[in-house]
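> I need the structure of the sequence given here:
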Amino acid sequence: MTLKEFRDAFTSFRKNSAPGLDQIRYKMLEQLPIEYKTYLLSMFTEIFFQEIFPSSWKISLVVLILKPGNKTIRPISLMSCVCKFMEQILYQRLSWFIESKFIESRPILPEAQVGFRPFRGCDNLAT
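Got it, this is the predicted structure:
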């Protein structure tokens, strides 16, 4: 994982999003010195290759929010920002691999697959 991937992952987050149980916020991650960002990326790489997911990332804080009119409640699950950050880096890497022009000769997804793909939708299909 690279520092460019680190920077790119921040473009998809709202910086004032609520933190999980660890109380680490996106702003804190963004303001880390380069050495710590590099260390965090190496930690993500180790987690990925060793296939050992930190147990603290499997726990979320559930907050109940009243819906308008005070008739029902909606649960919101607050997960670790560090976990969601790693997930975003992996998502971007996977998306690049799947959508890359480099692999057009051997496409992974059929051209008709439009769901959950960037810049595609049912309204973009040729009739």
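> From here on, just use CA atoms for contacts and neighbour counts.
Noted.
> Would you mind naming the helix or strand containing the residue nearest to the spatial centre of the chain?
Nearest to the mean C-alpha position of the chain, by CA atoms, centre = their mean, lies Q88 at 2.3 Å. Assigning secondary structure by DSSP states H and E places Q88 in helix 81-99.
> what helices or strands is that helix leaning on?
In this structure, helix 81-99 packs against helix 3-10, helix 26-30, with contacts taken as 3 or more CA pairs under 8 Å, 6 or more residues apart in numbering; DSSP states H and E.
> Who is L78 paired with across the strands?
The residues listed as beta-bridge partners of L78 by DSSP bridges are L61.
> Next, count neighbours for it.
By the other CA atoms under 10 Å criterion, the neighbourhood of L78 contains 16 residues.
> Might one say that it is in contact with D22?
No. With contacts counted by CA atoms under 8 Å, L78 stays clear of D22, the gap being 10.2 Å.
> So the residue nearest to the centre of the chain sits against A9, correct?
Yes. A contact is recorded between Q88 and A9 when judged using CA under 8 Å, the distance being 6.0 Å.
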